[in-house]
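Q: predicted model and sequence below, questions to follow.
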Amino acid sequence: MNLSLELLLQLTIILPLIATLAILATGKHPNLREAVTISFSLAVLFCVVNLYQGLSAGASIDVFWWQLLPGLEVRFVVEPLGMLFALIASFLWLITTLYAIGYMRGHGEENQTRFYLCFALAISAVMGLAFSANLFTLFIFYEVLTLSTYPLVTHAGTEKAKQGGRVYLGILLGTSIAFFLLAIILTWFVAGTLDFTAGGVFGSDVDTSLVGAILVLFVFGIGKAAIMPFHRWLPAAMVAPTPVSALLHAVAVVKAGVFTILKVCVFIFGIELLPTLPTTEFLLYLAGASVLLASIVAMRQDNLKARLAYSTVSQLGYITIGALLATSSGVIGSSMHIATHAFGKITLFFCAGAILVATHKSKISEMRGLGFTMPVTMAAFFIASLSIIGVPPAGGTWSKWFLLMGTIETGYFVIMMVLMVSSLLNIAYLLPIPYHAFFPGKGHPAAKTGIKEAPMVSLIALSITTLGCLILFIYPQPLYELAKTILTVPGVSHGH
């Protein structure tokens, strides 16, 4: 079966849409419905892996769908950064589906059909976003992603869930329409094109203060990247079931945000122009402040998911910093961090959900001694924490290393200190959890004997992502190669 690469590219976006219909049709039969979801996620992964092989072999893969006005067209191109994002998202969709089967049943959740349906829609949007050839296409899928994840956030249907959903939708739609859309329109007027172009789209004679203002609009407009003060939606979205939190925080929404920021910095501004803009330094320090403040807020949370949510806000700041440093080390560090953070954070959320299903506990203060009844889950939590902190033997080590290199190359020593202090804070808010689980201390009798882990499918899923954290440390080569080629793309777009 020899499918053309162009067809495969379109299938990555269309298959999840077909999956929604199949999920609807099989909704009454849970086993069949889940089998459908898994088959489709395998099919999407198959398409993405083949595209990756095509890209590695030097193929140029470009698909045109339709044109609104001359220059405003829905087009898709496969390039290394989008490829990296699509690989992570398609693989983790499969694993999250596995996890969700155990979680949703173990927790007796309602409306599971709607859950899987919106999940598939969100993945279709992520694929469209990852392979967008221009800002116009990217913006469409960016908005679809917000709308398709809204029912997932409000899944519980309680007043609290609806309130969380309102904050989620309000901030994400508000920032993207007020700032992001405005930035896109200004880019169109100043540069005359919205195509992602190697080296950027602005001419050398462009007014830097105007372009600097456009950069600020982009960074604030891409609310999904959760730069403070537009980060409130992320903790608000914690009312969602844990598989949704895992999807939002590790795969779909926040990664779409930082991916977009990285893409805009590299292919709209270009790393030659970025350092010369008057606002770049301000945004760098803002991202640094976001990293530190979110880490401090995380330390004060007793709810495990809330602590992980603020940790995500902090880690996203790392990726934004790497993009704004505008050096090859910064870009490599940022792109690798998209992957290493995805595996680390999704594992932590999987563990949080496993603890909730097995023990009905969500507060960190109640988790002492859990290591005796849930050894697999707490060991996974420990390894994933190491990846987020950025120490061996976990994958986060490499991405943080390149980000530090980027700060040294550019002489931003304050930012370097921020990254180091933030890693210490990561240790402070993550490691005590597994430590107290295995060493509860006096006055906390070792928890009741008898292993009581989460359902087996959920355990398998969380073990796979934990393994991912370790593999990314031992064998970061393919990830590094992809990240390294982002800046050497001969030309992402040369028009028609």
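A: That came in fine, so what should we check first?
Q: check which helix or strand the closest residue to His231 other than its chain neighbours maps to.
A: Excluding its sequence neighbours, the residue lying closest to His231 (C-beta to C-beta, 6 or more residues apart in numbering) is Val313, at 4.7 Å. C-betas here are computed from N, CA, C, even on glycine. Assigned by DSSP states H and E, Val313 falls within helix 304-325.
Q: now do the helix or strand just after that helix, average pLDDT.
A: Next along the chain after helix 304-325, taking DSSP H and E as the criterion, comes helix 328-359. The average pLDDT for helix 328-359 rounds to 92.
Q: same question for helix 328-359: list its buried residues.
A: Using 16 or more other C-beta atoms under 10 Å as the test for burial, helix 328-359 gives 328-359.
Q: need the phi and psi values for Gly390.
A: Note on Gly390: its backbone torsions stand at phi 90, psi 40 [degrees, to the nearest 10].
Q: do the same with Leu72
A: Dihedral pair for Leu72: phi -110, psi 90, per degrees, to the nearest 10.
Q: could you pull out the strands for this structure?
A: In the chain, the strands defined using DSSP state E lie at 62-69, 72-77.
Q: which strands or helices does the last one pack on?
A: Other helices and strands packing on strand 72-77, by 3 or more C-beta pairs under 8 Å, 6 or more residues apart in numbering; DSSP states H and E, are helix 5-25, strand 62-69, helix 135-153.
Q: which residue is the nearest non-sequential neighbour of Leu274?
A: Ala326 (3.8 Å).
Q: output the lowest mean pLDDT helix or strand found in this structure.
A: With mean pLDDT, DSSP states H and E as the measure, the helix or strand of the chain carrying the lowest mean pLDDT is helix 242-246 (a mean of 82).
Q: could you export that one as PDB, CA atoms only?
A: The C-alpha trace of helix 242-246 is given here as PDB (Å, rounded to 0.1, in the frame of the first residue of the first chain):
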ATOM      1  CA  THR A 242      -7.600  14.000  34.500                       C
ATOM      2  CA  PRO A 243      -7.200  12.600  30.900                       C
ATOM      3  CA  VAL A 244      -8.400  16.000  29.700                       C
ATOM      4  CA  SER A 245      -5.800  17.800  31.900                       C
ATOM      5  CA  ALA A 246      -3.200  15.500  30.500                       C
END
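Q: what about the closest residue to Leu425 other than its chain neighbours, distance to Tyr52?
A: In space, Leu425 comes closest to Ser295 once its chain neighbours are excluded; the distance is 3.8 Å by C-beta to C-beta, 6+ apart. Distance, Ser295 to Tyr52, using C-beta to C-beta, to the nearest Å: 34 Å.
Q: for the helix holding Val313, packing partners?
A: Applying 3+ C-beta pairs under 8 Å, 6+ apart, one finds that helix 304-325 contacts helix 233-236, helix 242-246, helix 253-264, helix 280-299, helix 328-359, helix 396-410, helix 413-430.
Q: what sits against the closest residue to Leu42 other than its chain neighbours?
A: Distance criterion C-beta to C-beta, 6+ apart; nearest residue to Leu42, sequence neighbours excluded, is Leu94 at 6.4 Å. Contacts of Leu94 were listed using C-beta atoms under 8 Å, 6 or more residues apart in numbering, and they are 38, 41-42, 45.
Q: ok, the most centrally placed residue in the chain - contacts?
A: Residue closest to the mean C-alpha point of the chain, counted by C-alpha atoms, centre = their mean, is Lys255 at 2.4 Å. Shown in contact with Lys255 (C-beta under 8 Å, 6+ apart): 85, 88-89, 338, 342.
Q: ok, the residue nearest to Leu274 - how many residues close by?
A: Close neighbours of Ala326, defined as other C-beta atoms under 10 Å, add up to 23.
Q: separation between it and Lys255?
A: Separation of Ala326 from Lys255 (C-beta to C-beta) stands at 21 Å.
Q: pretty sure Thr146 is touching Ser176, no?
A: Yes. Thr146 lies in contact with Ser176 (C-beta atoms under 8 Å); the separation is 7.2 Å.
Q: ok so, going back, most neighbours of all the contacts of Leu94, which one?
A: Among these, the one with the most neighbours (other C-beta under 10 Å) is Ser41, at 25 neighbours.
Q: measure it to Thr466 for me?
A: Per C-beta to C-beta, Ser41 is found 20 Å from Thr466.
Q: again with Gly330
A: According to C-beta to C-beta, Gly330 stands 28 Å off from Thr466.
Q: what does Leu24 give?
A: Between Leu24 and Thr466 the computed distance is 33 Å (C-beta to C-beta).
Q: so which of those two has more stuff around it?
A: Neighbour comparison, Leu24 and Thr466: the larger count goes to Thr466, with 26 against 14 (by other C-beta under 10 Å).
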